[in-house]
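> 3D model of this:
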Amino acid sequence: MGSVRRTSVAGTWYPDNPARLVSQLDGYLERARIEDPDGRLRAIVAPHAGLMYSGPVAAYAYNVARRHQHSALVLIGPSHFVSFAGVSIWPDGQWETPLGPVAVHGELAAALRSETRQIVELPAAHGREHSLEMQMPFIAHVLPDVPIVPMVMGHQTRETAFALGAALAEAVAAHAPDALLVASSDLSHYEDATTAAALDHQVIEHVERLDPEGLMQAIEREPRHACGGGPMVAVLDAARRLGATHSRLLEYADSGDVSGDKSSVVGYMAAAIW
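Coordinates of the predicted model:
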């Protein structure tokens, strides 16, 4: 069976009771109806805050994803707690969720590992990390039979982001051409809503233009633009290499839309790339 990654924030950031979790997810998905992109879906961008805050936005991305067939889901998020160079991959086994385990696509993980020295195995980077775990409730609910390849990025350098983008494109094209890339990122943190929207609009513009270089330059100038800027750059780069020509913002919101406090917010976006 390989190694099992246990949940870290179930019961706090999202319900650990299956019935409650499904009810919450279905409520978000029902309200996040959106027109399907016309073409092969290559990637999505989804946020990773507590489910009550980011779930209403993430649901837009997963409503699109659930209407396509995928041979694997390749998840890339930032490392919030462990500082390291490169990208840590979870190579095999399964990830625990309140809705049942989700298998890791070991063959694709091994292929990715062989593409670049930037990809390493550092299990500790996954232990407390929520950036990928917050994708798992949606995945386990609407795409339960699709295996995953979980990766968290340490130092979000230009070298790491673009090396990962090239590796993703090569490995996916050769081993899982119908894989969906998932970039996990929140946007600006703890600005007032007006400032946050201005900062976040810069990120959104680069995503909608399918512009990984422009996004990389933006986060090099101002890292507070997005905690998962590097993962987004890698996914945009890989999607372009795999033939994507379109990108669309599906939804934007901030934490103040839920809390009512617009003086200090976190920005969230959902996007589809095809």
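> For the chain, which residues score under the pLDDT cut-off?
Per-residue confidence for the chain (pLDDT under 70) gives these ranges: 1.
> residues contacting the most centrally placed residue in the chain?
The C-alpha lying nearest the average C-alpha coordinate of the chain belongs to Ser184 (C-alpha atoms, centre = their mean; 2.3 Å). By C-beta atoms under 8 Å, 6 or more residues apart in numbering, the contact set of Ser184 is 45-48, 75-78, 131-132, 134-135, 228, 231. Every C-beta, even on glycine, is put in place using the N, C-alpha and C of the backbone.
> what's the answer for Ala43, then?
By C-beta under 8 Å, 6+ apart, the contact list for Ala43 reads 180-183, 235-236, 238-239, 244, 272-273.
> These in helices, which ones?
Judged by DSSP state H, the subset of the contacts of Ala43 located in helices is 235-236, 238-239.
> now, which of these sits nearest His175?
Ala238 (13.5 Å; C-beta to C-beta).
> is it true that Leu249 lies in a strand?
Yes - looking at Leu249 with DSSP: H, G, I helix; E, B strand; the rest coil, it is inside a strand.
> ok, it to Val64 distance?
12 Å (C-beta to C-beta, to the nearest Å).
> Would you mind telling me which of those two has the busier surroundings?
Using other C-beta atoms under 10 Å, the more surrounded residue of Leu249 and Val64 is Val64, with 23 against 16.
> quick one on the thing from earlier: from the contacts of Ala43, which would you call buried?
By neighbour count, with 16 or more other C-beta atoms under 10 Å, these hold 180-183, 235-236, 238-239, 244, 272-273 as buried.
> ok, and what's touching whichever strand or helix holds Val233?
Using DSSP states H and E, Val233 sits within helix 229-241. Outside helix 229-241, the residues that touch it by C-beta under 8 Å, 6+ apart are 42-43, 45, 76-78, 153, 156-157, 160-162, 164-166, 168-169, 172, 181-185, 203, 206-207, 210-212, 215-216, 218-219, 223, 226, 247, 273.
> Tell me the buried residues within those.
Burial by neighbour count, 16+ other C-beta under 10 Å: within the contacts of helix 229-241 this picks out 42-43, 45, 76-78, 153, 156-157, 160-162, 164-166, 168-169, 172, 181-185, 203, 206-207, 210-212, 215-216, 218-219, 226, 247, 273.
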